[in-house]
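*Asks:* generate coordinates for the sequence data below:
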Amino acid sequence: MKQMLLLTTVVVALAATGSAQNRSFDVVEAGIADMQAAMSHGRLTSRELVTLYLIRIATYEHRVHAALAVNPRALEEADALDRERAQGHVRGPLHGIPIALKDNIHTTHLPTTGGALAFSGYTPPYEATLTKNLHDAGAIVIAKTGLTELANWVAGAPTPMPGNYNAVGGFGFNPYDPRRDPRDATGDGRPVLQTGGSSSGIGTAASFWAGNVGSDTGGSIISPSNSNMLVGIRPTIGRISRYGVIPITADHDTAGPMTRTVSDAAIMMGALESPSPDPNDPATRTCTPPPGRDYTKFLNAGGLTGARIGIPRAFYYERVTPPGEDRPRGGLTPDEAKSMADAIAVLKARGAIVVDPADIPSLVDKDPDNNFALFDYCSGANQARGKDEHCSVNFKYGMKRDFNLWLASLGASAPVKTLTELREWNLAHAKAGAIKYGQSRLDISDEMDLNADRARNEADVQKDIRLSRTNGIDAALKANRLDALLTPGGSGANMAARAGYPIIVVPFGLVPNAPTPALPAGFEAKPAPYGVAFTGTACTEPRLIEIAYAFEQATRRRVGPSMGK
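*Replies:* The predicted model follows:
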């Protein structure tokens with residue numbers, strides 16, 4: 001399906017490139033505002049913009065595997081939007097702009113597979129609310145991106161699914177080093193440079209489209225944004241409707257933008273958020289949108305002046321040994337530590353008040369029952385029923401509860417009707433590659449009893465809230481009167497996700513790619529992107545965007561991948 005759609009679209013695009021080749025507009029690293037300015041002044045049309053992106057996809061997709069499907073009607077949609085513009089109707093800042101969606105977000109003009117073989121070629125009967133919002137804003141959904149299958153809830157221990165692998169499209173590759181891992185121990189074709197979590201930012205980093213929408217349950221916006229030198233926003237749960245997004249657990253799921261700049265992320269946030277609460281997602285009542293859903297008014301280059309930023313040293317910067325354990329966790333490599341020291345120096349130079357340290361209480365608590373580092377979510381066969389006393393059951397419980405509800409929403413068109421049927425289908429199609437790494441996460445989810453285990457799940461949710469919010473992020477913010485916490489790379493993603501709070505990662509530097517076990521002698525690994533992240537409490541996206549933008553403008557450290565133009 002992917003190859004057919006890609007070939008069809010590119011053939012059409014190449015047949016229509018004449019006018020685009022006579023223009024000087026360069027889509028590589030171009031911002032949304034630049035595109036809009038060019039179109040408003042008649043120097044560019046949406047059709048030409050789409051064509052330029054399709055040519056890049058045709059040229060480089062074979063190297064990075066960013067897309068599972070490409071929209072064969074993208075040029076038609078661009079023509080219609082060009083006609084609207086010519087008639088004086090511009091829907092907003094995304095009018096005529098190509099955007100990609102993670103392939104667990106419903107689209108009715110392209111398949112939505114979640115990367116699962118059972119859903120290959122499947123088109124759902126309704127669009128996601130965020131997809132409709134993007135269409136209403138004039139965006140063109142040009143492609144569906146790769147992802148770790150079902151947002152990385154298929155295979156955990158003992159054979160974890162590698163990041164950005166799925167049965168429909170295989171592996172995705174990081175454009176900053178799009179080579180296979182040469183080590184014998186990992187000789188399954190996986191990338192040598194990690195792509196991050198399960199939302200693919202590959203195509204955005206490689207300028208295949210203006211930005212993409214990811215989904216995040218435990219870090220799958222922040223981690224891949226960090227790994228692909230992107231700006232990623234995991235918003236407060238409910239800020240963007242989850243209706244029509246294949247779930248893991250509604251207690252932690254959210255969608256959010258992944259772009260090359262904070263400005264582009266702010267533009268996309270306004271388009272993704274609904275103007276009023278979505279009746280299909282009660283959580284959308286949590287936050288009130290800014291006037292006009294305009295986040296660009298928070299793009300203040302002086303936003304660091306007087307901002308109180310906390311440095312949670314314990315665990316994030318310096319290794320700590322949780323109570324009852326004999327090995328330390330967390331901390332930074334010397335290169336990462338230097339990068340963060342540079343980032344902190346920028347904050348100070350730009351007038352921020354840096355509170356250092358501003359440790360998170362639940363990460364230094366001496367009581368094992370109150371220590372966040374000792375309460376991860378159950379995620380593999382080693383944490384099945386009877387072995388899950390010290391982990392949260394919410395992810396595996398929520399997957400059965402919410403995935404089955406999602407399947408029911410598909411009606412008669414659903415390829416399988418329950419999580420149990422999916423597991424059985426996978427087993428029946430194992431030789432076809434349905435479960436290359438097994439399905440231990442699906443297994444431990446399906447063994448949950450939604451009635452008998454409800455009380456345990458609710459207790460674990462409350463403990464999560466206590467450790468990640470009350471004695472976690474909120475405690476650190478309140479104790480030090482902070483606007484935000486600064487965490488290295490994607491390391492702050494887990495706690496923010498468990499709290500359901502907003503976090504924004506901004507590109508900042510590059511660090512050595514030095515995995516364990518080491519790469520073979522003579523293999524020269526290219527450096528890995530490395531960013532910084534700002535975390536706040538619920539519904540503080542406007543302030544975080546202001547801080548992130550000011551930091552970005554003070555540093556401008558993003559460098560595009562060397563893939564040519």
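
*Asks:* tell me, how many neighbours does residue 62 end up with?
*Replies:* 10 (other CB atoms under 10 Å). C-beta: built from backbone N, CA, C; applies to glycine.

*Asks:* and it, how far is that from residue 173?
*Replies:* 10 Å (CB to CB, to the nearest Å).

*Asks:* okay, the spatially most central residue of the chain: pLDDT?
*Replies:* In the chain, the C-alpha nearest the mean C-alpha coordinate belongs to residue 221, at 2.0 Å (CA atoms, centre = their mean). Residue 221 is assigned a pLDDT of 98 by the prediction.

*Asks:* do the same with residue 359
*Replies:* With respect to pLDDT, residue 359 has a value of 98.

*Asks:* name the nearest residue to it, ignoring sequence neighbours.
*Replies:* Leaving aside its chain neighbours, residue 359 sits nearest to residue 314 (4.4 Å; criterion: CB to CB, 6 or more residues apart in numbering).

*Asks:* give the residue farthest from the middle of the protein.
*Replies:* residue 87 (36.1 Å).

*Asks:* got the phi/psi numbers for that one?
*Replies:* phi -90, psi 10 (degrees, to the nearest 10).

*Asks:* now it: how far from residue 77?
*Replies:* From residue 87 to residue 77 the distance is 16 Å (CB to CB).

*Asks:* what's the answer for residue 148, then?
*Replies:* 29 Å.

*Asks:* quick one, strands of the stretch 151-300 of the chain?
*Replies:* Using DSSP state E, counting those that start in this stretch, the strands of the stretch 151-300 of the chain run over 165-166, 170-171, 211-216, 231-234, 254-259.

*Asks:* which of the ones you listed sits most buried?
*Replies:* strand 231-234 (a mean of 33; mean count of other CB atoms under 10 Å).

*Asks:* what strands line up against it, and which way round?
*Replies:* Sheet pairing for strand 231-234, assigned by DSSP bridges, gives strand 254-259 (antiparallel), strand 503-511 (antiparallel).

*Asks:* residue 401 is nearest to which of those strands?
*Replies:* Closest of those to residue 401 is strand 254-259, at 17.0 Å (criterion: CB to CB).

*Asks:* tabulate the CA atom coordinates of the closest one in PDB.
*Replies:* Extracted in PDB, the C-alpha atoms of strand 254-259 (Å, rounded to 0.1, in the frame of the first residue of the first chain):
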ATOM      1  CA  THR A 254      -2.300  12.900  24.000                       C
ATOM      2  CA  ALA A 255      -1.400  14.200  20.600                       C
ATOM      3  CA  GLY A 256       0.900  17.100  19.800                       C
ATOM      4  CA  PRO A 257       3.000  18.900  17.200                       C
ATOM      5  CA  MET A 258       6.500  18.100  16.100                       C
ATOM      6  CA  THR A 259       8.200  20.900  14.000                       C
END
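
*Asks:* would you confirm that residue 228 contacts residue 196?
*Replies:* Yes. Residue 228 lies in contact with residue 196 (CB atoms under 8 Å); the separation is 6.6 Å.

*Asks:* which stretches of the chain have low pLDDT?
*Replies:* 1-23, 564-565 (pLDDT under 70).

*Asks:* residue 64: what's it in contact with?
*Replies:* Applying CB atoms under 8 Å, 6 or more residues apart in numbering to residue 64 gives the contacts 172-175, 178, 202-203, 206.

*Asks:* which residue is the nearest non-sequential neighbour of it?
*Replies:* In space, residue 64 is closest to residue 173, 4.7 Å off (CB to CB, 6+ apart).

*Asks:* phi, psi of that neighbour?
*Replies:* The phi/psi pair for residue 173 (degrees, to the nearest 10) is phi -130, psi 140.

*Asks:* between residue 148 and residue 77, which has more neighbouring residues?
*Replies:* Neighbours were counted for residue 148 and for residue 77 using other CB under 10 Å; residue 148 has more, 27 against 22.

*Asks:* identify each buried residue in stretch 403-421, please.
*Replies:* 403-404, 406-407, 410, 414-416, 419 (16 or more other CB atoms under 10 Å).

*Asks:* repeat that for stretch 523-542.
*Replies:* Buried-residue list, stretch 523-542, by 16+ other CB under 10 Å: 525-526, 528-542.

*Asks:* which of those residues fall within helices?
*Replies:* 541-542 (DSSP state H).

*Asks:* for residue 58, grab phi and psi.
*Replies:* phi -60, psi -30.

*Asks:* what separation is there between it and residue 273?
*Replies:* Taking CB to CB, one finds residue 58 at 33 Å from residue 273.

*Asks:* looking at those two, which is more packed in?
*Replies:* Neighbours were counted for residue 58 and for residue 273 using other CB under 10 Å; residue 273 has more, 23 against 18.

*Asks:* dump the residue contacts of that one.
*Replies:* 133, 239-240, 289, 293.

*Asks:* gap between it and residue 292?
*Replies:* 11 Å.

*Asks:* same question, residue 555
*Replies:* 29 Å.

*Asks:* more crowded one of the two?
*Replies:* residue 555 (17 against 11).

*Asks:* would you enumerate the residues in contact with the more buried one?
*Replies:* Taking CB under 8 Å, 6+ apart, one finds 343, 346, 506, 508 in contact with residue 555.

*Asks:* any quick ChimeraX command for the buried ones out of the residues you listed?
*Replies:* Burial among the contacts of residue 555 is assessed by 16+ other CB under 10 Å; the matching ChimeraX selection reads:
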select :343,346,506,508
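
*Asks:* so which two of the contacts of residue 555 are the farthest from each other?
*Replies:* Most distant of these, by CB to CB, are 346 and 506, 10.9 Å apart.

*Asks:* give me the common contacts of these two.
*Replies:* 551, 555.

*Asks:* which one of the strands of the stretch 151-300 of the chain lies nearest to residue 301?
*Replies:* strand 231-234 (15.3 Å).
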